[in-house]
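In: sequence below, structure please.
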Amino acid sequence: MTERRFKTHPVAAGSILRRATATALRKRGFGEGEVIARWPEIVGPRLAALTAPEKLQQRRGDLAGAVLHIRVAGAAAVELQHMAPTVIERINGFYGYRAVDRLKLQQGPLPVREEPRPLQQRALTAAESAAVTARTAGTRNTALRQALARLGSHVLARRDTPSEDA
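Out: Now for the predicted structure:
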């Protein structure tokens, strides 16, 4: 039998994201997108703000030891050049084997990163605060009750207008 082409229920974007990005990542030499996604963890937030991994180029005949192309903003290239052994060690530690043995730096503009929007929260009304307290009052565990109350308060505070059922 043939597999149904369309599903009748919604599919989470995260479940298909790996398949959707696999071809583009493979063209750039990344078998998986973990290095790109976790770049700030690998090199540190200060260096990650000035750099971006471009592609991982495997040399012919070598099983290990690829060249990682990194785009660098302005004068940070000199700093990264001095830190290259440390960065290579961190990348190889992330992979768990000697995946990279050389960095190739390219100076140029970095991709624009979107800044997270600050969450707009309003003050809760007395009725909303009382409703949250009443709904969590039946919870015996104090820590859980307080966590649920904080969660409920944050959810209500993100709404534009006070809820009528509070």
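
In: may I have the secondary structure class of residue 112?
Out: Three-state assignment for residue 112 (DSSP: H, G, I helix; E, B strand; the rest coil): coil.

In: so which other helices or strands are in contact with the lengthiest helix in the chain?
Out: Counting residues, the longest helix found in the chain (DSSP state H) is helix 142-158. For helix 142-158, the packing partners by 3 or more CB pairs under 8 Å, 6 or more residues apart in numbering; DSSP states H and E come out as helix 126-136. Yep, even glycine has a C-beta here, placed from its N, CA and C like the rest.

In: what's the angle from the helix it packs on to helix 142-158?
Out: Calculated by axes from the mean of the first three to the mean of the last three CA atoms, to 10 degrees, helix 126-136 forms an angle of 150 degrees with helix 142-158.

In: show the end-to-end separation of stretch 75-94, please.
Out: Stretch 75-94 has an end-to-end distance of 26 Å (criterion: CA to CA, to the nearest Å).

In: if we can go back for a sec, what mean pLDDT would you report for the longest helix of the chain?
Out: Helix 142-158 carries an average pLDDT of 92.

In: need the residue closest to the centroid of this protein.
Out: What sits nearest the mean C-alpha location of the chain, by CA atoms, centre = their mean, is residue 37, with 5.3 Å.

In: who's in contact with it?
Out: Going by CB atoms under 8 Å, 6 or more residues apart in numbering, residue 37 touches no other residue.

In: distance of it from residue 75?
Out: According to CB to CB, to the nearest Å, residue 37 and residue 75 sit 27 Å apart.

In: with residue 158 instead?
Out: From residue 158 to residue 75 the distance is 41 Å (CB to CB).

In: any weak-confidence spans in this structure?
Out: Within the chain, the stretches with pLDDT under 70 are 1-7, 14-15, 17-33, 61-64, 163-166.

In: tell me which stretches of it form strands.
Out: Assigned by DSSP state E, the chain shows strands spanning 51-57, 66-72, 100-107.
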